[in-house]
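Engineer: sequence below, structure please.
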Amino acid sequence: MRSSGFCSAFDAESLVEFSAHSSWKSYDRGTEIATQGEPSDRVGVIARGLVKVVMLTERGEEHLLQILRSGQLVGIPGSETSGFAVETATDADICWMPRPIWERFLRERPQHFRACLVTMTQQLEELQLSVVKMRGRSTLERVALWLLQQLPQRSGEAAPVIRIELTRRDLASLLDMTVETLCRSLRRLDEKGAIDLITPDCAEIVDLGTLRLLAGDDAVPPRPSSVSARPAEERQFWQDWSDRPAGNDHHAVAGSGPARKGRATPTTH
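Structural biologist: Below is the predicted model of the structure:
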């Protein structure tokens with residue numbers, strides 16, 4: 001948790017003191033940890049996993065606004081009411097501190113105040129940039145852009161592999177489309193040679209230039225592609241997968257589909 005985000009600015013003494021006044025809790029995927037409109041008596045720092053910020057409308061619609069990661073803050077400091085619902089998007093660990101103690105830390109320790117300000121500013125900027133970048137793009141472009149955003153900033157891999165940790169339902173909501181449209185878009189990116197969808201939750205970036213072009217970023221021309229037309233049985237596999245009901249989206253289908261030469265299903269740790 002210290003390597004990035006809120007706690008990364010702390011020295012050893014501050015980290016020990018912060019830990020002494022906070023509590024650690026683990027959550028399973030899909031656990032609600034803050035209810036929209038309810039009192040919020042604590043602030044949390046994500047230590048592991050992904051957390052989603054959700055807006056529930058009066059009509060009962062649910063809109064996934066943002067995914068928070070390790071080192072980011074859960075709960076708005078200075079606000080005693082939760083403006084959004086907050087749920088775990090994966091299994092997650094969160095370090096919680098009661099709001100009165102949190103506010104005292106910020107008053108007494110400028111280091112904590114600066115860290116809180118920087119972290120909250122970064123989270124707001126991420127949300128704002130996401131809205132701007134997704135606006136005006138087609139569904140295919142939005143999926144391609146999201147995949148690009150998941151790439152490590154410094155990756156020496158010739159064909160990096162992205163593990164899609166979000167369920168299809170959550171990812172579709174984040175990108176403002178239906179699950180069926182998301183599946184079709186991933187299949188189209190696969191067919192165009194930009195990615196190799198090894199399993200439904202694991203994508204290998206085969207041609208970064210093509211992926212950027214399909215994301216609406218033509219600054220980098222695509223490399224010549226030698227991808228040939230897929231055989232009929234493979235096209236049927238992707239059609240069957242894209243039509244799979246959203247109720248199965250918690251499960252990856254490892255080993256599904258036709259085997260591809262020279263491709264190994266990645267292992268996760």
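
Engineer: gap between the closest residue in space to residue 73 that isn't next to it in sequence and residue 39?
Structural biologist: Using C-beta to C-beta, 6 or more residues apart in numbering and skipping the chain neighbours, the partner closest in space to residue 73 is residue 119 (5.5 Å). Every residue, glycine included, has its C-beta placed from N, CA and C. Distance, residue 119 to residue 39, using C-beta to C-beta, to the nearest Å: 22 Å.

Engineer: and those two? Which one has more around it.
Structural biologist: Ranked by neighbour count (other C-beta atoms under 10 Å), residue 119 and residue 39 place residue 119 first, with 21 against 10.

Engineer: show me what contacts the more buried one?
Structural biologist: Residues counted as contacts of residue 119 (C-beta atoms under 8 Å, 6 or more residues apart in numbering) are 5, 6, 71, 72, 73.

Engineer: now with 10 Å?
Structural biologist: By C-beta atoms under 10 Å, 6 or more residues apart in numbering, the residues touching residue 119 are 4, 5, 6, 7, 8, 9, 45, 71, 72, 73, 77.

Engineer: and what of residue 10?
Structural biologist: Residues counted as contacts of residue 10 (C-beta under 10 Å, 6+ apart) are 2, 16, 17, 18, 19, 109, 111, 112, 115.

Engineer: what count of nearby residues applies to residue 13?
Structural biologist: Residue 13 has 8 nearby residues by other C-beta under 10 Å.

Engineer: just the pLDDT for it.
Structural biologist: pLDDT, residue 13: 77.

Engineer: for it, grab phi and psi.
Structural biologist: Main-chain dihedrals, residue 13, degrees, to the nearest 10: phi -70, psi -40.

Engineer: before we move on, what about residue 190?
Structural biologist: Backbone torsions for residue 190, taken as degrees, to the nearest 10, come to phi -70, psi -50.

Engineer: I'd say it and residue 203 touch.
Structural biologist: Yes: if you go by C-beta atoms under 10 Å, residue 190 and residue 203 touch, sitting 8.0 Å apart.
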